[in-house]
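# need coordinates for the below:
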Amino acid sequence: MALAALQNQSFEIESHQGHHLHVGLAISKKDIEAAQRLRYQVFVEEMGARISCKQPGMESDRFDPYCQHLLVRDLNHDQVAGCYRILTDTQAIEAGGFYSQTEFDLSNILAMPARIMEVGRTCVHPNYRNGSTIGLLWAGLTRYMAINNFDYMMGCASVPMSMGVKKVAATYHHLRDNRLSPDAWRATPRLAVPGLDLFQHDITTTPSTPPLLKAYMRLGAVICGEPAWDPHFNVADMLILLDRDRLDARYVRHFASRAA
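Numbering: from 1, shown residues only. Presented below is the predicted three-dimensional model:
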């Protein structure tokens, strides 16, 4: 039902660069493999993730078969410009849990009487890192959330460890002071970020919030506590949670206008 609904209400945009961009859910194995190739290009080749890949040039894990994959395609050039993957609460049962549970204890969040969808593996092709691509991805996500009546969206938003531990700490403190969840939504990291002492914050270090994490905050999301370390991607992951009822309507309109 969700697949048909979003495919029938997909977005398209013509850009001045000669791209014909379209957002919708993957409907074939070929679509999913194209997304996995893009993930390999971005996460492994560009960002240096140290992960084992079952198929050369394709980044995947055990959760992929249970996910729906949201793609922005350039129809003029037969190219996947960006992608997200979505794991619903019902499919997470089949998968043995959410991906976020490998990094956090989600007992508090999963105890809520609500529908939850998880997003992750976000990436955009280097040639398409512009407002149109991310606008289409977010337009697709918010439409998917509404169509399927999800109450919350969660996911791991990464802060690169390459910025240094002091930058990670400064970013966390900035978010904690401005966008920290209520106690009832807290999640506990399973693996602490090495060298990160959150009690010794250097106020002279300027926070540096990555664009994706900043976008989540603008939409109305909160962070659910301290970051967890993902050694494979060498990032400090913040668990974010977005309440559909608290979506910032102005920012949603902003994404919709970028995709219209």
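
# correct me, but residue 124 touches residue 132?
No: Residue 124 is beyond contact range of residue 132, at 10.4 Å (criterion: Cβ atoms under 8 Å). Every residue, glycine included, has its C-beta placed from N, CA and C.

# show me the strands in the stretch 101-250 of the chain, by range?
104-105, 116-124, 152-160, 188-189, 222-223, 228-230, 235-243 (DSSP state E, counting those that start in this stretch).

# check the offset of stretch 54-65 from the chain's centre.
17 Å (Cα atoms, centre = their mean, to the nearest Å).

# residue 186 and residue 159, how far apart?
18 Å (Cβ to Cβ, to the nearest Å).

# more neighbours: which of these two?
Relative neighbour count places residue 159 above the other of residue 186 and residue 159, with 23 against 20, counting by other Cβ atoms under 10 Å.

# what are the bridge partners for the closest residue to that one other than its chain neighbours, then?
With sequence-adjacent residues excluded and distances taken as Cβ to Cβ, 6 or more residues apart in numbering, residue 159 is closest to residue 236, at 4.6 Å. Beta-bridge pairing for residue 236 (DSSP bridges): residue 159, residue 229.

# give me the pLDDT for residue 69.
The confidence metric pLDDT takes the value 97 at residue 69.

# before we move on, what about residue 17?
On the pLDDT scale, residue 17 gets 58.

# do residue 208 as well
88.

# list the residues that contact the closest residue in space to it that isn't next to it in sequence.
Spatial nearest neighbour of residue 208, excluding adjacent residues (Cβ to Cβ, 6+ apart): residue 167 at 5.3 Å. Residues near residue 167 by Cβ atoms under 8 Å, 6 or more residues apart in numbering: 159, 205-208.

# as JSON lines, these with distance to residue 105 would be great.
Converted to JSON lines, the contacts of residue 167 look like this (distance: Cβ to Cβ, whole Å):
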{"residue": "159", "distance to residue 105": "20"}
{"residue": "205", "distance to residue 105": "28"}
{"residue": "206", "distance to residue 105": "31"}
{"residue": "207", "distance to residue 105": "26"}
{"residue": "208", "distance to residue 105": "27"}
